[in-house]
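In: here is a sequence with its predicted model. Questions after.
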Amino acid sequence: MRVKQQKALKTVLTIVMLVLGVCCIYPFLFMVSSSFKPSGDVLSTPLQLIPKHFTLNNFNTLFNNEYYDFFRWYGNTILMTGLTLVLKYIIITITAYGFAKMNFPGRDTIFLVLLAGLMIPSDIMIMPRYIIFKQLHILNTMWSLILPAAVDVYFVFLLRQAFIAVPNALSEAARIDGCGHFRIYRQIVLPLCGPQVSTMLLFSFVWSWNDYQGPYLYISDINKQMISVGIKLFASGQVQDYGAQMAGATLVLVPVIIAFLFCQKYFVEGITSGAVKG
């Protein structure tokens, strides 16, 4: 009798989870489906996931709009995100290695000061950053987005913990063979901490790609704008073109999905690497 109750409970839970899963994924399916519908059909048939009148005009409208340059926004976002990832990878991994594997005066004190910076709410840094960017003459450029994102104390802390877990015996053996810190960092520590580094890059990609606040506050030139703000501007006309908006949102989401699919293995390993092993 107890076995039957457990099976019934599992069946009920499976059905509940299936319903919740459908509810969660429906907005995504609706967005993708609507991007191939005529604008008039988007709200008139919201439950119809397979377009009755299939069209590619929404994508044509995006890239051939007389008021906004969607293609330039897309290129700006790709360039900004790529530069952010490269700089962040170099700065964060080297900094984390220094705090994890190198002994220098005041190391722990400096690290505690950096961690204290995590306690400061990001919203109160908006005005100081704006003034600093203006003084550095990088306001209204993508560097006002790249530089703050490339210096991330949160990931310095996470990678420092991962680098500390690498046995010191490996580093000592490498030093006996004549390796310096840079070679140990590049050929030993980074390969062993690949899942954690990949997790950092995946999260950083999503955050930079989807960032709305930074471009909205620090970039005023419409030709230098990012895709997140660009879609909002594209939707701010008197006549709402819902089909084009859905097409734009779909194109914005595609790189995120591709990045997650390629990094899924490393992402799961990075999340579970801190679990206790028996």
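Out: Everything's here; your move.

In: which stretches of this structure have low pLDDT?
Out: Per-residue confidence for the chain (pLDDT under 70) gives these ranges: 1, 46, 234-239, 265-278.

In: show me the contacts for the spatially most central residue of it.
Out: Centroid-nearest residue in the chain, with CA atoms, centre = their mean: Val206, separated by 1.5 Å. Residues near Val206 by CB atoms under 8 Å, 6 or more residues apart in numbering: 256, 259. To be clear about C-beta, it is placed using only N, CA and C from the backbone, and glycine gets the same treatment.

In: how many neighbours does His137 have?
Out: 9 (other CB atoms under 10 Å).

In: quick revisit: Three-state assignment for the residue nearest to the centre of the chain, please.
Out: Here Val206 is recorded as helix under DSSP: H, G, I helix; E, B strand; the rest coil.

In: tell me the spacing between it and Phe260.
Out: 8 Å (CB to CB, to the nearest Å).

In: try Phe133
Out: For Phe133 relative to Phe260 (CB to CB), the value is 31 Å.

In: do Asp221 as well
Out: Distance from Asp221 to Phe260, by CB to CB: 31 Å.

In: kindly report the same for Gly75.
Out: 22 Å.

In: count of residues packed around Leu233?
Out: Neighbours of Leu233 (other CB under 10 Å): 15.

In: so it touches Gln225, yeah?
Out: Yes: contact criterion CB atoms under 8 Å: Leu233 and Gln225 qualify, at 7.3 Å.

In: SS state for Pro51?
Out: Under three-state DSSP, Pro51 comes out as coil.

In: any idea how far Val19 is from it?
Out: Counting by CB to CB, the gap from Pro51 to Val19 is 25 Å.

In: lovely, talk soon.
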